[in-house]
Structures are given as structure tokens and as C-alpha cells.
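**Q** next comes the sequence, and after it the predicted model I'd like to discuss.
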Amino acid sequence: MVSGKGHFARVAILGILALAGGGCSIMPTTGPEIGEIYRGGNTDDPTRLPYALVKITPQVIDILASYAPRIGTVFPDRRPPREITFGIGDSVSVAIFEAAAGGLYIPIEAGVRPGNFITLPNQNVDTSGNISVPYAGAIRALGRTPSQVQKDIVDAIKNRAIEPQAVVSLVEQRTSLISVLGEVNNPNRFPANYAGEHILDSITRAAGPKAQGHETWVMLERGGRRATAPFGALVYEPSNNIWTHPGDTIYLYREPQTFVAFGAVSANTITGGVQGVVNFDAWRISLAEGIGKAGGLNDNLAEPSAVFLYRGETREVAQRLGIDCTRFPGPIIPVIYNLNLRNPDGFMLATKFQMRNKDVLYIANATSVEISKALNYFRLTVATVNDPIVAATNAYNLNIVARINNRFPIGSSSSPPF
């Protein structure tokens, strides 16, 4: 029986050694271990997705800030729109004045009129881009301003009329339009303002956005180019509230911004933290605010130097960050940003690093936590293996006691051999 006890002990010891040799990878956890994240980026395993690991520094924050989605960076021209000109289909009014009656348009008997002028019927700029003026013929209007058209009319009739003057005005604007569509209260196409206006002015003419501002995005399309920015960027960063031009299309859409939090966060009712999907509830938030929304670091589990943020970056951004992009296929480079909150300046960096929609925030467990879980598992394994040994030992001892009692009953004159 003693040899059986030794056999169970040897099995237990071998089991412990096997678990220790396998590391902590079999332990339950919320995500990868710290060492695995640092090693995994350089793996040659074809079944795994390669990624780049980037430490968050002031230089990294500045590079990422320059690529934040903004309208002002795509359309840097800050000049007001050009003067509105006539287009095909615009309705035009023409009035012609003469200095005295008896000229080309004003008969002699018209001297009693309140003014020596005639007003031509309103007409549209035709498909050739012209309007028609009696005795002047076809006058070019397409792409020209009222003052330019007036000058051409006067030049055409000045040798036949008496000191003529012309007044040309736009009756109905059908070409120099600005379209405001999407999540606004009054989507429509509006005539461009002669005095010029900015994007927020145009959105105001459409009765403003339907949804809350922090959930609204604005897309500007002009000349085949597009730029998108949060609505808040137009309000709080005036450089994005640029002039609108005739022909612009402004599209508003609603997209609540969220990120996902995993790992050693303080998910409890006191802090309000949560693992899972977290709403920004603002037009932008910093990494520090994101960690706070997730409840902060769990004091019993988290490793402060192992705060990771997962994000896909374009190849251009990745190259600016110093990443070797030759080993990554496709236009999007998987990047894991690492923030060290053991350093005092880590919190300052976290306030400047801006989170983006669909980011994944992961806070790894401390190594001591993983070791503690492994030791508890080893202890449970030893106890499980030791249970039959203890039971067998107890049974063996009880058997000996029973045999002694049978040979030397209580009260007999013989004494047991001990």
C-alpha cells in the first residue's frame, strides 16, 4: 500500500511540472498575456494576422492628429466663393433705358411715361447659354455676371439707341444651388447666397440636424472630392466651417461612435465601468476618457504598463509612424498602440491621444495575477490527486486498527504489541 501512495505522489508532482512547463496559457483570462502581445507581432505563423506594435509618444500623437477626419484639411482654400454667374435654365430679367424718347425702344409719344425704359419678358438662359435682346440679338449669358451681360447689351445697341443703359437681374436661380441632404429637418436645394455663406449657415437653412450633434457626421462633396468630419468639428474648430460654393452637396448622417473595452477594467456598479461596447456620448473623447468610461483599471488585476488600443491605420499613416509595411498585405495596417500608465507622463499622453470609432481597448492582467491563478490551479490539482491517497491511507490505518482489535479485544488480559 505504501508503494501505491508513492505512486500517486509521483503522478501529482509530474502533473505540476507539466502545468508549469506549459506556462499560464491554459488559465482562464479575458485576453492575451502581455508577453504574447509583444511576441505575436513578429510571428511567421501563416494562420495568424500580423500586426505592428507602436508605443504612444508625443510624436505619435502629433502624427495621428494630423490625419484626423477634418474638412478643412481636404479643402484648405479659405477664399470666399466666386461671384454667382448665370447658368443654363436660369430665369433672367432685362430692362433697357434710353436718355430720351424717340430712340430705338422709346417712341416720341412716350414722353409722358414715368421713365424712359422698357422691361423685356423674363426668359431662361437657353441651352446654348444665350439670352435674346431685340435689336441686339443673342447675348452670351452662360458663366457671366449680370454686369458683364449688361455691358454686352449696351455695346450691341449704343449706335442705334439714345445713350442706352441696361439692367440685368436674376429672377429665378436654377443652377447655382447648394444641396443639403440627409439627417436634416428640411432637406432641400437652396440658391447660393450672393453674400456667401459657410457650411453651418447652409445647414441652418435646412433647419439644422435631426439628431444630437455628437452623433452627427457631415460630408462635403465638391468637384468630385469628398471630406467628412464630425458635426462638432465644425462647431468647435472654425477651420472646418469653410465657405460653401455653388454646386456643393452637404450630406448629414447619424453614426453613434463607440469603442469596445476588454480586460482588467473595473466593471462594477460603483464606477459604472463596463466590458463591452461603450458609447462616446461626445463628438470626440481621449484615451483617458475612454479608460474612465470603462471604469478605469482594476486595482486587483490590471498591469498599468499594459494598456493596449487596437486600430487599423492606412498605409500612409503607418509609414509616418515608422512601421515597415512591406510585410502587411492590403491598404489597412493592423496596429496595436501601447500606453504605459506606470510612468507619470502616461496620463498626460492619454489625455491627448484621441480615440476613434470602433477602437478596441484592452487592459492586460498583471503577470503576478496569472502566476497566482496558475498556483491556485496547481494547488487544486495536487489536492485532487492527493484525495485518493489520503482515502487509501485512512482505509489502511482503519484496517490495521480493526485487526488489532480482533486479536486483542478490549478487557482481555493480553496487551497489543505496542
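**A** Looks like it came in fine. Residues are numbered from 1 along each chain as shown.
**Q** now stretch 85-105: mean pLDDT?
**A** Mean pLDDT, stretch 85-105: 91.
**Q** where does the stretch 201-350 of the chain dip in pLDDT?
**A** Low-confidence segments of the stretch 201-350 of the chain (pLDDT under 70): 267-274.
**Q** so where do the helices sit in it?
**A** Secondary structure of the stretch 201-350 of the chain by DSSP state H, counting those that start in this stretch: the helices cover 231-236, 287-293, 315-320, 346-352.
**Q** how is the protein partitioned into domains?
**A** What automatic domain parsing lists as the domains of the chain is 34-67+257-369, 71-80+182-254, 91-172.
**Q** now render those as CSV, adding mean neighbour count and distance to Pro388.
**A** Just so you know, the C-beta spots here come from the backbone N, C-alpha and C atoms, and that holds for glycine as well. Below are those laid out as CSV (neighbours: other Cβ atoms under 10 Å; distance: least, Cβ to Cβ, whole Å):
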stretch, mean neighbour count, distance to Pro388
domain 34-67+257-369, 16, 31
domain 71-80+182-254, 17, 62
domain 91-172, 16, 97
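**Q** which residue would you name as the spatial centre of this structure?
**A** Note on the chain: the residue nearest the mean C-alpha position is Asn357, at 3.5 Å, using Cα atoms, centre = their mean.
**Q** in a markdown table, list the domains of the chain along with distance to Thr393.
**A** Output for those, formatted as a markdown table (distance: least, Cβ to Cβ, whole Å):
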| stretch | distance to Thr393 |
| --- | --- |
| domain 34-67+257-369 | 35 |
| domain 71-80+182-254 | 69 |
| domain 91-172 | 104 |
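**Q** tell me which other helices or strands the longest strand along the chain touches.
**A** When the chain is parsed with DSSP state E, its longest strand is strand 302-314. Other helices and strands packing on strand 302-314, by 3 or more Cβ pairs under 8 Å, 6 or more residues apart in numbering; DSSP states H and E, are helix 34-40, strand 332-339, strand 359-365.
**Q** pull up the pairing partners for the longest one, direction included.
**A** Spelled out, that is strand 332-339. In the sheet, strand 332-339 lines up against strand 52-55 (parallel), strand 302-314 (antiparallel) (DSSP bridges).
**Q** just put those strands in a markdown table and tack on distance to Asp324.
**A** Formatted as a markdown table, the strands paired with strand 332-339 follow (distance: least, Cβ to Cβ, whole Å):
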| stretch | distance to Asp324 |
| --- | --- |
| strand 52-55 | 8 |
| strand 302-314 | 14 |
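**Q** wait, which of those is closest to Ser128?
**A** Taking Cβ to Cβ as the criterion, Ser128 comes closest to strand 302-314 out of the strands paired with strand 332-339, the separation being 46.3 Å.
**Q** can you list contacts of that closest one?
**A** Strand 302-314 is contacted by residues 34, 37, 67, 263-265, 287, 291, 297, 321, 331-343, 346, 350, 353, 355-356, 359-367 when judged by Cβ atoms under 8 Å, 6 or more residues apart in numbering.
**Q** thought Ile162 was touching Ala100?
**A** Yes: with contacts counted by Cβ atoms under 8 Å, Ile162 reaches Ala100, the gap being 5.2 Å.
**Q** measure Ala233 to Leu200 for me?
**A** Here Ala233 is placed at a distance of 11 Å from Leu200 (Cβ to Cβ, to the nearest Å).
**Q** please read the previous query as pertaining to Arg320.
**A** 31 Å.
**Q** likewise for Glu36?
**A** For Glu36, the distance to Leu200 (Cβ to Cβ) stands at 48 Å.
**Q** give me the nearest residue to Val180, chain neighbours excluded.
**A** For Val180, ignoring the flanking residues on the chain, the nearest one in space by Cβ to Cβ, 6 or more residues apart in numbering is Ala206 at 3.9 Å.
**Q** if I look at the one you found, how far off is Leu200?
**A** 11 Å.
**Q** do the same with Met219
**A** Using Cβ to Cβ, Met219 is found at 14 Å from Leu200.
**Q** with Ile88 instead?
**A** 30 Å.
**Q** got it, and Leu252?
**A** The spacing between Leu252 and Leu200, counted by Cβ to Cβ, is 11 Å.
**Q** need the residues touching each of the two.
**A** In contact with both Leu252 and Leu200: no residue, using Cβ under 8 Å, 6+ apart.
**Q** dump the residue contacts of the closest residue to Gly232 other than its chain neighbours.
**A** Nearest residue to Gly232, sequence neighbours excluded (Cβ to Cβ, 6+ apart): Trp283, at 2.8 Å. The contact partners of Trp283, by Cβ under 8 Å, 6+ apart, come to 213-214, 230-233, 236, 257.
**Q** which pair in those spans the largest distance?
**A** Greatest spatial distance among these (Cβ to Cβ): Tyr236 and Gln257, at 15.4 Å.
**Q** was I right to think Phe347 contacts Glu289?
**A** No: counting by Cβ under 8 Å, Phe347 stays clear of Glu289, with 11.6 Å between them.
**Q** tell me the helix or strand right after the helix or strand containing Gln148.
**A** Element membership for Gln148 (DSSP states H and E) is helix 146-157. Sequence order places strand 165-172 as the next helix or strand after helix 146-157, per DSSP H and E.
**Q** would you put the C-alpha positions of that next one in PDB?
**A** These are the backbone C-alpha positions of strand 165-172, laid out as PDB (Å, rounded to 0.1, in the frame of the first residue of the first chain):
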ATOM      1  CA  GLN A 165     -28.300 101.700 -70.300                       C
ATOM      2  CA  ALA A 166     -29.300  98.100 -69.300                       C
ATOM      3  CA  VAL A 167     -30.200  96.400 -66.000                       C
ATOM      4  CA  VAL A 168     -30.000  92.600 -66.000                       C
ATOM      5  CA  SER A 169     -31.100  90.700 -62.900                       C
ATOM      6  CA  LEU A 170     -31.600  87.000 -61.900                       C
ATOM      7  CA  VAL A 171     -35.200  86.300 -61.400                       C
ATOM      8  CA  GLU A 172     -35.000  82.600 -60.600                       C
END
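**Q** neighbouring contacts of that strand?
**A** 84, 86, 90-98, 122, 146, 149-150, 153-154.
**Q** and it, which strands flank it?
**A** Strand pairing for strand 165-172, determined by DSSP bridges: strand 91-97 (antiparallel).
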